[in-house]
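# Predicted model follows, preceded by the sequence.
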Amino acid sequence: YPEVPNTNELNRLLKHFSIPPKTKFTYGTAGFRYHHELLPPIIVRIAIFAALRSSSLDGEPVGLMITASHNPEQDNGLKISDSNGGMLPIEWEAMATDFANAKNLKLLMEIAAKNNSQPGKEMIVHIGRDTRSHSLHLSQLAIRSLKAFGAMVIDHGLVTTPALHYNVLRSNVNHMPNALLYGSSGTSFEKEYLNSIIGSYVSLLSTKSQLYTQKIHWNKRSMLVDCACGVGGLKVPLLNQMIEEFTENSGILLDTSSLVHLTPVNLPGDGPLNERCGAEYVQKQQKLPVIYTETDETLNMEYVASFDGDADRIVFHAKDVDGNLVLLDGDKIAVLVSSFLQEEIEALSTAVPFAKSIRCGIVQTAYANGSSTAYLKNVVKTDVVIAKTGVKHVHTAAHHHFDVGTYFEANGHGTVLFGKKFFELLAKAEQCLVSTSRKNRSNIAWQRLRVLPRLVNQAVGDAISDLFLVDAILYLKGWNLYTWGQLYSDMPSRQCKVKVQDRTMIHTNENETKATSPIQLQMALDAAMDAMAKNSPTGRQANRPRAFVRPSGTEDAVRIYAEANSQKDADALATEAAALVYKLCNGTGNLPSF
Ligand code: G16
C-alpha cells in the first residue's frame, strides 16, 4: 500500500491531464473508448473511480483493463471489472461518466460523496493492458494515479481482457463459483487460469475415449488461430506446450489424436492490429482474414479461429473449395454449445431426475441471425431471451433467467454461466452415480458437465476458453466446421456503419430492434421493410426482412443491420437504412456501398 492519499500529486495529475474544452466523455458499451490522445484525463479520473469502487465493496479488488479491443490501433480505452469479475454494475456508470468529466479533486470528491462513496483503508485494483503502443504509458499513468489516491495496485502487464477479469474474480473468494474454490495452486493467476482451461479441456476430451483401454496415436488435428495482431497472440503460442505437459503429467488416458494443435498467426507486430484480420473484421465484413505472418508452412484454412484485439471474442471459419468464407459466428457457437449442454443434461436426467428441473437457455441480441433464433427455439427447443447489445446486458440476463445460461453475441462474445442449482445437480449426480460404470451414459454426462465451469470463463466471454470448448464439442460429436455449419443456413445479412454529427440523437427501444427517436427514422425503416416483405418469396415470419439501427457504444458511428431472403435484398435494405440515417441524423463522411 502507498502511505496515504497524496493530494499534491493528485492535484498535479488532474491539472496536467485536464479535460479538453467542449469535451464530454461518456461511459459506453464496455467502458470508455476514444482516440488514445484523449485518454490520459479519463485514465487519471477513472483510476480514482476504480479505487473508490473497491472501497465501496469493503476493499474487494476490482480491475482496470487498458484496451480498445476491436477498435483500430489509434484508439484506446478502459474496461472496468467489478469484484465478481463481471462488468461494472450499470447503476455505477453515471458516476463513472461524471468522474471522467470532473475538472478537479474537489469536484471528484463531491461526486463521490453524492454517491455515498469514500476512500477506504483497503482499495485494491488489478491492472492489465493490451499490446497497443500507447497502452504501456496509459497503464503507468493509471498506476501512478491509483498510488497517489492510496490504492494498492496489482499489475498483470500484458494480458487478455478475460484473463484480467478471471484474475479479479479469482482474488475475490466470496464471489467464486464452487468450481473455482478448489484447485488453487501457488502459481500465478494467469498460469492457473490457463491450466484450469487446459486441464478441463483434456478431461472433457478424455470422455470420448472411455471405450479405449490403451492410448492410440493418430495424426494431430490442427487449427489456425488468427490473433488479430493483438494480445491473444502472446498467449496462444504457450498453449500447445501446456496441453502436452498436462497430458503427460495428468495420467489421463487419452487418444492423443484428440488434442488440437494450434498454429498461431497474426501475432503482435506481424501486421496492423484488427486491420483486415481478427474476429471483428471476419464477422462484420464476412471476409477471410489477411495472414500477415511470414511462414514457409502451408497454412491449413480448413479450421480457423479469429480472435479480436483483446481476445474476448472468437469466431470460427474455413475457406471452402471455391475460396469462399464459411463463417461460424457467435450465433453458431450458441447453437453448438446449447445443444451440447441440453443433450448432456438430458442424458444425466435418466439417472438423476433433478436434472429435468435445470433451466437452460440462451441470451442473444438483436444482431442474432433470424435463422439461429428459429433453430434454437424450434430444433434445440430452448428458451431464448433477447437483450441489449453489450456484455453487461447479456451476462446479466443469462444470470437472471437461467440455471445454465449461455450467451453469445453474433460478434463472438460469449460464455456459459453455471448457477447454484447446477452445482446442486453435480453434487446429487455424484451420489446417484457412485456405483455406476464410468462408461454409463449418465456417468459420462456427469463427467462432461462437471468440468465445464472450469473450462468456461465464468467472469466474461473469453476467446481462449471458447476455442477449447468448441473444439472439444466438435471432437466429441465427430464434426468438422462444415458439419457444424450445416445445422441451419443463415439468412443473408449485411452490417455497416454511418457517421453522423451526434449519434446520441438516436434512441432505441429496450432490445434495440426499433428506433424510438428520431420518430421519422423508424417510420421510414418500417416502410422499407414492409415494401421488401411484400416482394419476398415467402410469407413465413422467420424470413421477414428485418433492419435496425443503433448508436455504437464503442465507436463514433451508427451501426446498421439488415437481413433478408437474398444477399441482394439484405444489401439493398442495409443501403436504404444507411441512407435514411444519413439523411435524418445529419450524416457526415461517406455512405457505405456493397
Ligand atoms: C464490446 C462489447 C460487446 C459489444 C461490442 C460492440 O466488444 O463488449 O458486448 O458487442 O463492444 O458494441 P457497440 O456495437 O456498442 O460498438 P469489444 O470486444 O469491442 O470490447
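Cool, the structure landed. All of these numbers come straight from a predicted model, not from anything done at the bench.
# how close does the nearest residue to Thr350 once chain neighbours are set aside sit to the ligand?
Of all residues not flanking Thr350 in the chain, Ser442 sits nearest, at 5.2 Å (C-beta to C-beta, 6 or more residues apart in numbering). C-beta here means a position set from N, CA and C on the backbone, and glycine is covered the same way. Taking C-beta to the nearest ligand atom, to the nearest Å as the measure, Ser442 falls 36 Å from the ligand.
# Work out for me the element Ser442 sits within.
Using DSSP states H and E, Ser442 sits in helix 441-455.
# ok now that helix, how far from the chain's centre?
How far helix 441-455 lies from its chain's middle: 23 Å, per C-alpha atoms, centre = their mean, to the nearest Å.
# Now it: buried residues?
442-455 (16 or more other C-beta atoms under 10 Å).
# Let's have those in JSON lines, adding distance to Ala374.
Listed next are the buried residues of helix 441-455 as JSON lines, based on distance: C-beta to C-beta, whole Å:
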{"residue": "Ser442", "distance to Ala374": "31"}
{"residue": "Asn443", "distance to Ala374": "34"}
{"residue": "Ile444", "distance to Ala374": "30"}
{"residue": "Ala445", "distance to Ala374": "27"}
{"residue": "Trp446", "distance to Ala374": "31"}
{"residue": "Gln447", "distance to Ala374": "33"}
{"residue": "Arg448", "distance to Ala374": "27"}
{"residue": "Leu449", "distance to Ala374": "27"}
{"residue": "Arg450", "distance to Ala374": "32"}
{"residue": "Val451", "distance to Ala374": "31"}
{"residue": "Leu452", "distance to Ala374": "26"}
{"residue": "Pro453", "distance to Ala374": "30"}
{"residue": "Arg454", "distance to Ala374": "33"}
{"residue": "Leu455", "distance to Ala374": "29"}
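# what would those look like in JSON lines with distance to Pro592 and pLDDT?
Shown next, in JSON lines, are the buried residues of helix 441-455 (distance: C-beta to C-beta, whole Å; pLDDT from 0 to 100):
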{"residue": "Ser442", "distance to Pro592": "52", "pLDDT": "96"}
{"residue": "Asn443", "distance to Pro592": "54", "pLDDT": "95"}
{"residue": "Ile444", "distance to Pro592": "49", "pLDDT": "95"}
{"residue": "Ala445", "distance to Pro592": "47", "pLDDT": "97"}
{"residue": "Trp446", "distance to Pro592": "50", "pLDDT": "97"}
{"residue": "Gln447", "distance to Pro592": "49", "pLDDT": "96"}
{"residue": "Arg448", "distance to Pro592": "44", "pLDDT": "97"}
{"residue": "Leu449", "distance to Pro592": "44", "pLDDT": "98"}
{"residue": "Arg450", "distance to Pro592": "47", "pLDDT": "96"}
{"residue": "Val451", "distance to Pro592": "44", "pLDDT": "96"}
{"residue": "Leu452", "distance to Pro592": "40", "pLDDT": "97"}
{"residue": "Pro453", "distance to Pro592": "42", "pLDDT": "95"}
{"residue": "Arg454", "distance to Pro592": "43", "pLDDT": "94"}
{"residue": "Leu455", "distance to Pro592": "39", "pLDDT": "97"}
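# related to what we said a few turns ago, beyond the helix holding Ser442, next helix or strand please.
helix 463-477.
# Can I get that next one in PDB, CA atoms only?
The C-alpha trace of helix 463-477 is given here as PDB (Å, rounded to 0.1, in the frame of the first residue of the first chain):
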ATOM      1  CA  ALA A 463     -11.700 -16.400 -26.900                       C
ATOM      2  CA  ILE A 464      -9.200 -18.900 -25.500                       C
ATOM      3  CA  SER A 465     -11.700 -20.700 -23.300                       C
ATOM      4  CA  ASP A 466     -14.300 -20.700 -26.000                       C
ATOM      5  CA  LEU A 467     -11.800 -22.000 -28.500                       C
ATOM      6  CA  PHE A 468     -11.200 -25.100 -26.400                       C
ATOM      7  CA  LEU A 469     -14.900 -25.500 -25.500                       C
ATOM      8  CA  VAL A 470     -15.900 -25.500 -29.200                       C
ATOM      9  CA  ASP A 471     -13.100 -27.700 -30.200                       C
ATOM     10  CA  ALA A 472     -13.900 -30.300 -27.600                       C
ATOM     11  CA  ILE A 473     -17.600 -30.400 -28.500                       C
ATOM     12  CA  LEU A 474     -16.700 -30.800 -32.200                       C
ATOM     13  CA  TYR A 475     -14.400 -33.600 -31.300                       C
ATOM     14  CA  LEU A 476     -16.900 -35.400 -29.100                       C
ATOM     15  CA  LYS A 477     -19.500 -35.100 -31.800                       C
END
